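Student: Need a 3D model of the sequence below.
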Amino acid sequence: MILNKTTDELTNINIICANTFFRRLKGLMGKKDIDFALLFCNLNDSGIHTHFMRFDIDVYFLDENKVVFEKTTLKPWKFYRPEKQAKFILETKKDVLKIEIGDKLDLI
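Tutor: Modelled structure (predicted):
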């Protein structure tokens, strides 16, 4: 679940943590659809791609305090690098979450 501490909204969505090299490498590639959010933690590089993906995604870049500092929507076969290094990256299917830049999140 995701608690938006800024708006006090709780979103009941499962979070899958991509906490191994293989999970980070695979990400959402090849999935036809998802009903969860994918969380990347403790990153060395914030660049992401949507190669081999079949749907648009919303990507939220969070700092060490879990505050969203950048947000983008990507179509398949794109590459994106945020302006600064993220501590966490949250990926969801497009238009699933109501999260804006500046929102502080708690990932439950």
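Student: excluding its backbone neighbours, what's nearest Leu97?
Tutor: Beyond its immediate neighbours in the sequence, the residue positioned closest to Leu97 (CB to CB, 6 or more residues apart in numbering) is Thr11, lying 6.0 Å away. The C-beta positions use only the backbone N, C-alpha and C, and glycine is treated the same way.
Student: Sorry, slip of the keys, the one I care about is Asn4.
Tutor: Per CB to CB, 6+ apart, closest to Asn4 is Asp103, 5.3 Å.
Student: ok so, going back, can you tell me how far the residue nearest to Leu97 is from Val59?
Tutor: 16 Å (CB to CB, to the nearest Å).
Student: between these two, who's got more neighbours?
Tutor: The neighbour comparison of Thr11 against Val59 (other CB atoms under 10 Å) goes to Val59, with 22 against 17.
Student: Could you pull up the residues touching the more buried one?
Tutor: By CB atoms under 8 Å, 6 or more residues apart in numbering, the contact list for Val59 reads 48, 71-74, 80, 89-91.
Student: Which strand residues bridge the residue nearest to Leu97?
Tutor: Ile2 (DSSP bridges).
Student: contacting residues for it?
Tutor: 1-4, 97-98.
Student: 7 Å instead, please
Tutor: 1-2, 97 (CB atoms under 7 Å, 6 or more residues apart in numbering).
Student: Let me see the ranges of the strands in the chain.
Tutor: 2-4, 9-11, 14-18, 36-41, 48-49, 57-62, 68-74, 79-80, 88-93, 105-107 (DSSP state E).
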